[in-house]
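Student: Provided below are the primary sequence and the corresponding predicted coordinates.
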Amino acid sequence: MMRRIKREAALLQAVSSDNAAEVSLAMGIPEAGGTASEDVAKEQQELLALKVKPTFNDPKDASAFFHSIASYGMEFGLNENITQLARRNDKTQAFQLLLTLEKQLGLAPPRDLDLEAALLAAVAKNQGEEIKKLLQSEAGQAVLQLQVKETFNDPAELTAFYHSVATFGLKFQLGDSLYDLAVRNERPAAAQSLASTTETPAAVEAPLEVLVMNTLNGQELCRVSASNTWTILQLAQDVASKVPTPGCRVFLLGGAALTTGTALGDLLEKEGAPSLELSSLVRSNVEGIYSAKVQPDDEMDGPLLGGPGGRLAGGLAGRRLRRRPRDMQLELKMDGNAIFEFSERPIDRGHCAPPSGGYLLSGTGMWSFEGPGVKVRITDAQTGHFMRCIPSLDRTSDMTPFSLTFSMVKEDQMDLVEFADEKAADGFSRRPRCPLGTAFLKQPEGERGRLVNFR
């Protein structure tokens, strides 16, 4: 185990510096013309199979990196292996060497990931002619069917983009196709090339009246005389002419966000219905930083901890021990990423030394429009506590993924309506205590900063 951990550390250091020679040495790659022994090949496969997981620093999990990827100055995503980390962080020499090794060992996914990456790059650069060339092959046509899903970097998920779309500088929503990405990111040449190569069955055009409601207050926004062949993109353009608003407008049906290429006729409950009702909001009105403060529970805010006759702090009559408020901060980013932070300071028991204890959490995940409003999934988290009033990171974290669902009450407020673990924990799993109905208030743009800063 210690040998693998040392080789892992050497490999991460080599990739972070993009040094091909050091990568070869860490992976045990023989010189040109040489052949690796069976033992070396087995060690190579073990290193390539390591994934980024919340359980780092756990010697019992042989499938996860033991070291923290962030400590090597590299960005990462959950379930990424060393080759994907090299690509995400633009370590070109290391990536090419590791990808070649994966192919030699038969570990590379069967589909053409290079073609997928080339198409995403062409969309990002708005290269219409390049997209037409890439789509001439059967593999290129298969990429048109892929969608942005939470399960990226999973070779077994053949309907999702394998690559992280965000690493190409593209904004996205879950469910976006390659064409949707081109439209959302305002790449007209790319969108035109993709539209011309996408076969869509002809639909019988019929008039359709669309009632657009304001998601935040339930009031009518506007009415649009459209047709069932219109897409959400065409509807958005018409609504923008009637209700000019800065920022990207999102349309929802039953709380679920609709992609730009969705045809209005596909949203009708009954085929041939003359009208359709959708809700809408400006995405920039939702993005931002929200904060909340939860006052101590009534039963924990009694006259004394321990009830009548309990010890007074510092031996001073009338000085009562009270649990402090809990602070929370939620950041919703434009690219769909989210950061959730929680701070519960320890009880000041009146000792001379600064208090220790409490609970801290800094988690990351994704957010999307779902259900009554916004759903946030926190999949990776660091936990800690206060050590003499200083935030301190725990050695290990027993946190399981959890989700928060918010209802959008008004433009600058979201109320928590659900807070739950997504799966049962094996043993003890500690997550923040946050009562339902807690109001998260949007902060002014000038007020930025982290709530939890571990030292």
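Tutor: Here it is on my side, so go on.

Student: now do the buried residues in the one helix or strand Leu12 maps to.
Tutor: Using DSSP states H and E, Leu12 maps to helix 2-16. Within helix 2-16, the residues scored as buried using 16 or more other CB atoms under 10 Å are 7-12, 14-16. Quick note: C-beta positions are derived from backbone N, CA and C, even for glycine.

Student: same check on stretch 440-455?
Tutor: 440, 442-443, 451-452.

Student: repeat for stretch 122-137
Tutor: Within stretch 122-137, the residues that count as buried by 16+ other CB under 10 Å are 122-124, 126-128, 130-132, 134-135.

Student: pick the one among the residues you listed closest to Asp380.
Tutor: Each of the buried residues of stretch 122-137 was scored against Asp380 by CB to CB, and Ala124 proved nearest at 25.8 Å.

Student: now do the contacts for the closest one.
Tutor: 168-170, 185, 187 (CB atoms under 8 Å, 6 or more residues apart in numbering).

Student: separation between it and Ser164?
Tutor: Noted for Ala124: a distance of 13 Å to Ser164, by CB to CB, to the nearest Å.

Student: next: Gly106.
Tutor: The value you get for Gly106 to Ser164, if CB to CB is used, is 24 Å.

Student: one step back: what's the average pLDDT for the next helix or strand after the helix holding Leu12?
Tutor: Sequence order places helix 20-27 as the next helix or strand after helix 2-16, per DSSP H and E. Average pLDDT, helix 20-27: 88.

Student: circling back to that earlier point, for PyMOL, what selects the buried ones among the contacts of Ala124?
Tutor: The buried subset of the contacts of Ala124, as determined by 16+ other CB under 10 Å, is captured in PyMOL by this line:
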select buried, resi 168+170+185+187
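
Student: ok, the contacts of Ala124 vs Thr215, which is closest?
Tutor: Looking across the contacts of Ala124 and measuring by CB to CB, the closest to Thr215 is Asn185, at 23.0 Å.

Student: surely that closest one touches Val165?
Tutor: No. Asn185 is not in contact with Val165 according to CB atoms under 8 Å; the separation is 9.7 Å.

Student: if we can go back for a sec, what angle separates the helix holding Leu12 from helix 20-27?
Tutor: Angle of helix 2-16 versus helix 20-27, following axes from the mean of the first three to the mean of the last three CA atoms, to 10 degrees, is 160 degrees.

Student: can you pull the alpha-carbon coordinates of helix 2-16 into PDB?
Tutor: Taking Å, rounded to 0.1, in the frame of the first residue of the first chain, the C-alpha atoms of helix 2-16 are listed here in PDB:
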ATOM      1  CA  MET A   2       2.800   2.400   0.900                       C
ATOM      2  CA  ARG A   3       4.500   1.700  -2.400                       C
ATOM      3  CA  ARG A   4       1.400   2.600  -4.300                       C
ATOM      4  CA  ILE A   5       0.900   5.800  -2.200                       C
ATOM      5  CA  LYS A   6       4.400   6.900  -2.900                       C
ATOM      6  CA  ARG A   7       4.100   6.300  -6.700                       C
ATOM      7  CA  GLU A   8       0.700   8.100  -6.700                       C
ATOM      8  CA  ALA A   9       2.400  11.100  -5.100                       C
ATOM      9  CA  ALA A  10       5.200  11.100  -7.600                       C
ATOM     10  CA  LEU A  11       2.700  10.700 -10.500                       C
ATOM     11  CA  LEU A  12       0.500  13.600  -9.300                       C
ATOM     12  CA  GLN A  13       3.600  15.800  -8.900                       C
ATOM     13  CA  ALA A  14       4.800  14.900 -12.400                       C
ATOM     14  CA  VAL A  15       1.400  15.600 -14.000                       C
ATOM     15  CA  SER A  16       1.000  18.900 -12.100                       C
END
